[in-house]
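In: Quick one: sequence and predicted model below, then my questions.
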Amino acid sequence: MTDLTQKILNFIDLHKGEENKKSVIENITGSVSFRGSNIWILACAIIIASVGLNVNSTAVIIGAMLISPLMGPIVGAGFGLGMYDFELLKKSIKNLTIATLVSLVTSTLYFYASPFKEAQSELLARTSPNIYDILIAFFGGLVGVIAVTRVEKGNPIPGVAIATALMPPLCTAGYGLALGNYMYFLGAMYLYTINCVFICIATFLIVKYLKYPIAKQLDQKHQKRVQYGISILILFLITPSVYFAYQLYNQKSYNSKVEVFLEDEFQNKDYPIIYKKIRYNADPKKIEIAFLTKKFNDNEIANLNKKLINYDLPNTKLIIRQDTVNLRKDIMNQINNNQSVVDQKDILINNLRNQLSQYNFSANQINNEAKILFPEITSLKIGNYTIENETSKSKVIPVILFQSKKSLGKPTQIKMNLWLKQRLAKDSIEVYQQN
């Protein structure tokens, strides 16, 4: 072995900076248990993640993942498997099962009670896992267990919690149960299982590499059984995910070809498309489009359908919607809905403006006018205070504070009060002279 190779191996050696193995095992064993506060923290995190999925807020979902305590039993299972500590493995699996059931019950109850049942994009993203989710879980697990075994932990753990995303699949599974959509439930649970298993496998490999002490010595036969079991589990989980990834690749490739077809045949010929819908899962696949003014006869539509083969779009049917009455209805309905939203916003803005107008006065201008009308006044300031009446409606009362060269006489004060009421358009005002 050359000096350069030795230097490289020393540079990347994971044994450097490693914490005492006994301390690591104690920490892992302590983090496995799900009792008391951990259960409450998990339930609260599930509610937060469910709300985030419900309102499609990525920031809220990330916050829930950061406070989730789910990583403990998963890493514990990896350590138990790597050290052949089957008591730790059983304890980890038991606590992970409890945590999973608590999470499912909590998220199911939340989505059952929630008035918002729409499947948002953040939620749908957890129903179709693929090979990329396996890579994220595996390498995220590697980072997590490497950080756990260091003297200086650093800050990778929060990143691992976010990247591996254990919480959102459980919430999505609860959403599927609440709505009776078992395809969502199965897809989300598959993603959750992928995350758990591949974090555990990554932990197992690092534990083996760092040569943690064996709790129970197994003969060669039993060690091979463990290895065969892990291999079968990996194969069982990878196979469907590869299929889903292949389907995703095909769908994206198909959509790209459709965009090229539409651009070449319509958009480049100044036929703007006002409606487009691609039905990839139909048989045959369908491309529905509509134009504002352009009309196509049956022969032109037939020729366009024949051209689909040239763009590598087999088993596809082009449908051009030319039912102007229904199309215009759809467009007008959409415009009316949008206009209704705009009108409501305009009303709200006007109401706010009216409320603000009660508080806004041109104080400088009134001050200058007061000095002209009442030469004794040297400065005049206006403020507001709000009172609540019996009908719970607020009333704004202007408060005027003025300074003068000398005390104003009674007639002058009455005159100034009347002028200020008229000038501020208020029935009630409070006027005080500052000494």
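Out: Ah, there it is.
In: tell me which residues in stretch 183-197 are buried?
Out: 184-185, 187-197 (16 or more other Cβ atoms under 10 Å). Any C-beta I mention is one placed from the backbone N, CA and C, and that applies to glycine too.
In: which residues of the stretch 1-150 of the chain score low on pLDDT?
Out: Within the stretch 1-150 of the chain, the segments meeting pLDDT under 70 span 1-3, 9-10, 119-128.
In: Helices of that one, start to end?
Out: In the stretch 1-150 of the chain, the helices defined using DSSP state H, counting those that start in this stretch lie at 3-11, 21-32, 37-55, 58-67, 71-82, 86-113, 121-124, 131-148.
In: Then the stretch 251-400 of the chain?
Out: Going by DSSP H, counting those that start in this stretch, the stretch 251-400 of the chain shows helices at 298-307, 324-357, 363-373.
In: The ones you listed: lowest mean pLDDT?
Out: Ranked by mean pLDDT, the helices of the stretch 251-400 of the chain bottom out at helix 324-357, with a mean of 58.
In: Where does pLDDT dip in the stretch 201-350 of the chain?
Out: Looking at the stretch 201-350 of the chain by pLDDT under 70, you get 217-219, 323-350.
In: measure Lys276 to Lys295 for me?
Out: 17 Å (Cβ to Cβ, to the nearest Å).
In: More neighbours: those two, which one.
Out: Each of Lys276 and Lys295 has its neighbours counted (other Cβ atoms under 10 Å); Lys276 has more, 12 against 9.
In: Leaving out chain neighbours, which residue sits closest to the more buried one?
Out: What sits nearest to Lys276 in space, not counting adjacent residues and going by Cβ to Cβ, 6 or more residues apart in numbering, is Ile289, at 5.2 Å.
In: Give me the most central residue, this protein.
Out: Thr58 (1.9 Å; Cα atoms, centre = their mean).
In: I figured that one hits Gly52, correct?
Out: Yes. Using Cβ atoms under 8 Å, Thr58 is in contact with Gly52, at 7.3 Å.
In: Can you show me the strands along the stretch 151-300 of the chain?
Out: 273-279, 285-291 (DSSP state E, counting those that start in this stretch).
In: Can you tell me which of those strands is most buried?
Out: strand 285-291 (a mean of 18; mean count of other Cβ atoms under 10 Å).
In: Give the pairing partners of it; include direction for each.
Out: Here strand 285-291 is paired, per DSSP bridges, with strand 273-279 (antiparallel), strand 316-321 (parallel).
In: Just put the ones you listed in a markdown table and tack on distance to Gly144.
Out: Listed next are those as a markdown table, based on distance: least, Cβ to Cβ, whole Å:
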| stretch | distance to Gly144 |
| --- | --- |
| strand 273-279 | 39 |
| strand 316-321 | 45 |
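In: can you tell which of the ones you listed is closest to Phe236?
Out: strand 273-279 (32.1 Å; Cβ to Cβ).
In: Need the residues that contact that closest one.
Out: 254-255, 258, 262, 266-267, 285-292, 321, 327, 330-331 (Cβ atoms under 8 Å, 6 or more residues apart in numbering).
In: and if you look at stretch 251-263?
Out: 273, 276, 278, 280, 285, 287, 289, 307-308, 311-313.
In: Over to stretch 211-226?
Out: Residues contacting stretch 211-226 (Cβ under 8 Å, 6+ apart): 21, 24-25, 79, 81-88.
In: ditto for stretch 172-186
Out: 46, 50, 53, 103-112, 117, 119, 123, 126-127, 187-189, 191-192.
In: Narrow the residues you listed to those that are buried.
Out: Buried among the contacts of stretch 172-186 by 16+ other Cβ under 10 Å: 46, 50, 53, 103-104, 106-111, 119, 123, 126-127, 187-189, 191-192.
In: got TSV for the contacts of stretch 251-263, with distance to Gly180 too?
Out: TSV is the format used below for the contacts of stretch 251-263 (distance: Cβ to Cβ, whole Å):
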residue	distance to Gly180
Ile273	37
Lys276	32
Ile278	28
Tyr280	25
Lys285	29
Ile287	32
Ile289	35
Lys307	43
Leu308	38
Tyr311	40
Asp312	39
Leu313	36
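In: quick revisit: out of the buried residues of stretch 183-197, name the ones that lie in helices.
Out: Residues of the buried residues of stretch 183-197 located in helices (DSSP state H): 184-185, 187-197.
In: any idea which of these is the one closest to Val32?
Out: Closest approach to Val32 among these (Cβ to Cβ): Cys196, at 13.6 Å.
In: can I assume that closest one is in contact with Gly76?
Out: No. Using Cβ under 8 Å, Cys196 is not in contact with Gly76, being 11.6 Å away.
In: what about Ser23, how many neighbours?
Out: Ser23 sits with 11 neighbouring residues when counted by other Cβ under 10 Å.
In: which ones are touching it?
Out: Applying Cβ under 8 Å, 6+ apart, no residues qualify as near Ser23.
In: distance of it from Phe86?
Out: 22 Å.
In: Show me the beta-bridge partners of Glu18.
Out: In beta-bridge terms (that is, DSSP bridges), Glu18 pairs with Arg150.
In: what's the neighbour count on it?
Out: Glu18: 14 neighbours (other Cβ under 10 Å).
In: dump the residue contacts of it.
Out: 149-151, 210.
In: And the pLDDT at the residue nearest to Glu376 when sequence neighbours are not counted?
Out: In this structure, Glu376 finds its nearest non-sequential neighbour in Ser404, 4.5 Å apart by Cβ to Cβ, 6+ apart. Listed pLDDT for Ser404 reads 85.
In: ok so, going back, please produce a markdown table containing the helices of the stretch 1-150 of the chain, extended by distance to Ala215.
Out: Below are the helices of the stretch 1-150 of the chain laid out as a markdown table (distance: least, Cβ to Cβ, whole Å):
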| stretch | distance to Ala215 |
| --- | --- |
| helix 3-11 | 29 |
| helix 21-32 | 9 |
| helix 37-55 | 24 |
| helix 58-67 | 31 |
| helix 71-82 | 8 |
| helix 86-113 | 7 |
| helix 121-124 | 41 |
| helix 131-148 | 17 |
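In: Please indicate which of the ones you listed has the most neighbours on average?
Out: helix 71-82 (a mean of 26).
In: tell me how far that one is from the chain's mean position?
Out: Distance of helix 71-82 from the chain centroid (Cα atoms, centre = their mean, to the nearest Å) equals 28 Å.
In: coming back round to it: quick one, which of the helices of the stretch 1-150 of the chain gets closest to Thr203.
Out: The closest of the helices of the stretch 1-150 of the chain to Thr203 is helix 71-82. By Cβ to Cβ, the value is 2.5 Å.
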